[in-house]
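K.L.:
fold the following, please.
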Amino acid sequence: MSYLNLSAQELEQEYLKLKKVYDEEKAKGLNLNMARGKPGDAQLELSNGILDTLSGKSKCIGSDGLDFRNYGVLPGIVECRKLFGEILEVDYQNVMVGGNSSLSMMFDTIDCMMTKPVVEGCKPWYEVKDRKFLCPVPGYDRHFGITEYFGFEMIPVPMNENGPDMDMVEELVAHDDTIKGMWCVPKYSNPSGVTYSDETVKRIAALKPAAKDFRVMWDNAYCIHDITDTPDKLLNIVDECKKLGNEDLPILFCSTSKITFPGAGVAAMAASDNNMKVFMERYKYKIISFDKMNMLRHVRYFKDYQGVLNHMKKHKEVLKPKFDIVLDTLEKELAPVQIGRWTKPNGGYFVSIDVFEGTAKRVVQLCREAGVVLTDAGATYPYGKDPHDSNIRIAPTFPPNGELTVAMEIFCICVKLAACEKLLGK
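P.N.:
Below you'll find the predicted structure:
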């Protein structure tokens, strides 16, 4: 029963039926939240043991004899750098372990290049008029927020099933030296769940930007966040760049925020020797050292990379049923009426849905009035402006499964109701 094939009379009948159900749900006074990609209680419980890993001085001495309770070790403890080196698939000597937030490290990285040339002979970015940044869309709103804060014009680049539109990326960066970088969430992208194809990674590695200081912000936030038995594989960007003598191009980021405790995890970045020299020069004036005790807690708890992977299997057991609820409900409620397209990711934290064009804001409003909170429509585009008013990010991880089921049923009612309104011109 495609809505597009219904007569005006049939649509009106469908609208009245949906409105009655919607009003009944709205009267229940629900308070359900699918707004942000926060781990749920069951996930947080998985990491409680990390709090008991350190006791007594002997537990606080590193393999190199350093007492981690004291000052020092700006790049982070070797044990933790090696662990992140395996997670990011890079040489640990090119890894810096920071505080609890990879987003903070991304902000600092942009901030550094704003005031300090990352390539000799180039201007600091604050001196570059009309500076620009490429933003794959739909994408991560906090990435867009950073570049907007620093005064970049953000250029949307459409995402497809292989990643960003590389024809567009190559054309833009080759002819405009005011384009200084590009955001990437290469595995299980936020919010689409797309993993960049091998060809896309190779084309990114082979970019020949007009700006010598062009940098790819490679936010590999979901690099080990698989939720199926057929996980996606991501080609190693660092290896591909090295093959082409382009090793200064990518700057990698990740954290344990969705592995252990958000706000109390550990973040890391990796970059070439040339890049890291510039960044470390900044950090040495900013801080003596980050929280080495927290780094050590994580190392002691996981022991090695395999320990991290084993831990992620526990997350998978919690998360897969949540994604099943979302995808099964969308398939049952929206597929028959043909008014939406959604992704079916093999990992990550989100499902991206394109509802009937011109109705995303209305869907979010209807949901909010019925007690279901979603990320604002448009948040997945720079400046919050979705030109089609269609994309909505669903974050299924935080609500308990029972609440998630109810929230998704209400969400689908709102999607259908908004589509009927649009088609009827209400």
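
K.L.:
which residues in the stretch 201-350 of the chain form strands?
P.N.:
Taking DSSP state E, counting those that start in this stretch, the strands of the stretch 201-350 of the chain run over residues 215-219, 250-255, 267-270, 341-342.

K.L.:
residue 24: which element?
P.N.:
Using DSSP states H and E, residue 24 sits within helix 8-26.

K.L.:
just the residues contacting that helix, thanks.
P.N.:
Helix 8-26 is touched from outside by 3, 6, 366, 369-371, 410, 413-414, 416-417, 420-421, 423-424, 426, with contacts defined as Cβ atoms under 8 Å, 6 or more residues apart in numbering. Where C-beta positions appear, they are placed from N, C-alpha and C, glycine not excepted.

K.L.:
would you turn the strands of the stretch 201-350 of the chain into a markdown table with mean neighbour count, distance to residue 87 and mean pLDDT?
P.N.:
Below are the strands of the stretch 201-350 of the chain laid out as a markdown table (neighbours: other Cβ atoms under 10 Å; distance: least, Cβ to Cβ, whole Å; pLDDT from 0 to 100):
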| stretch | mean neighbour count | distance to residue 87 | mean pLDDT |
| --- | --- | --- | --- |
| strand 215-219 | 24 | 13 | 98 |
| strand 250-255 | 25 | 6 | 98 |
| strand 267-270 | 26 | 8 | 98 |
| strand 341-342 | 17 | 29 | 96 |
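
K.L.:
can I get the ones you listed in TSV including distance to residue 362?
P.N.:
Shown next, in TSV, are those (distance: least, Cβ to Cβ, whole Å):
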stretch	distance to residue 362
strand 215-219	31
strand 250-255	35
strand 267-270	37
strand 341-342	18
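
K.L.:
between these, which gets nearest to residue 386?
P.N.:
With Cβ to Cβ as the criterion, residue 386 lies closest to strand 341-342 of the strands of the stretch 201-350 of the chain, at 14.2 Å.

K.L.:
name the helices or strands packed onto the closest one?
P.N.:
Strand 341-342 sits against strand 351-354, with contacts defined as 3 or more Cβ pairs under 8 Å, 6 or more residues apart in numbering; DSSP states H and E.

K.L.:
now the strand it packs on: average pLDDT?
P.N.:
Strand 351-354 shows a mean pLDDT of 98.

K.L.:
which residues of the chain score low on pLDDT?
P.N.:
56-58 (pLDDT under 70).

K.L.:
longest helix in it, please.
P.N.:
For the chain, the longest helix by residue count, based on DSSP state H, is helix 305-333.

K.L.:
my guess is residue 407 meets residue 372, correct?
P.N.:
Yes - judged on Cβ atoms under 8 Å, residue 407 makes contact with residue 372 at a distance of 4.9 Å.

K.L.:
so what sits against both of these two?
P.N.:
Counting by Cβ under 8 Å, 6+ apart, the contacts common to residue 407 and residue 372 are 32, 34.

K.L.:
from residue 420, how far out is the closest residue to residue 268 other than its chain neighbours?
P.N.:
In space, and not counting its chain neighbours, residue 268 is closest to residue 84: 4.0 Å by Cβ to Cβ, 6 or more residues apart in numbering. Computed as Cβ to Cβ, to the nearest Å, the residue 84 to residue 420 distance reads 50 Å.

K.L.:
can you check residue 336 too?
P.N.:
Going from residue 336 to residue 420 by Cβ to Cβ gives 14 Å.

K.L.:
so the two - more neighbours on which side?
P.N.:
Between residue 336 and residue 420, counting by other Cβ atoms under 10 Å, residue 420 is the more crowded of the two (25 against 11).

K.L.:
how is this protein divided into domains?
P.N.:
Taking automatic domain parsing as the reference, the chain has its domains at 3-44+309-424, 61-303.

K.L.:
among those, which comes closest to residue 50?
P.N.:
With Cβ to Cβ as the criterion, residue 50 lies closest to domain 61-303 of those, at 4.3 Å.

K.L.:
once you drop chain neighbours, what's closest to the residue nearest the centre of the chain?
P.N.:
Central residue of the chain (Cα atoms, centre = their mean): residue 190, 4.1 Å from the mean position. Nearest-residue entry for residue 190: residue 140, 4.4 Å, with adjacent residues in sequence omitted and distances by Cβ to Cβ, 6+ apart.

K.L.:
with residue 34 instead?
P.N.:
The shortest distance from residue 34 to any non-neighbouring residue, by Cβ to Cβ, 6+ apart, is to residue 395 (5.1 Å).
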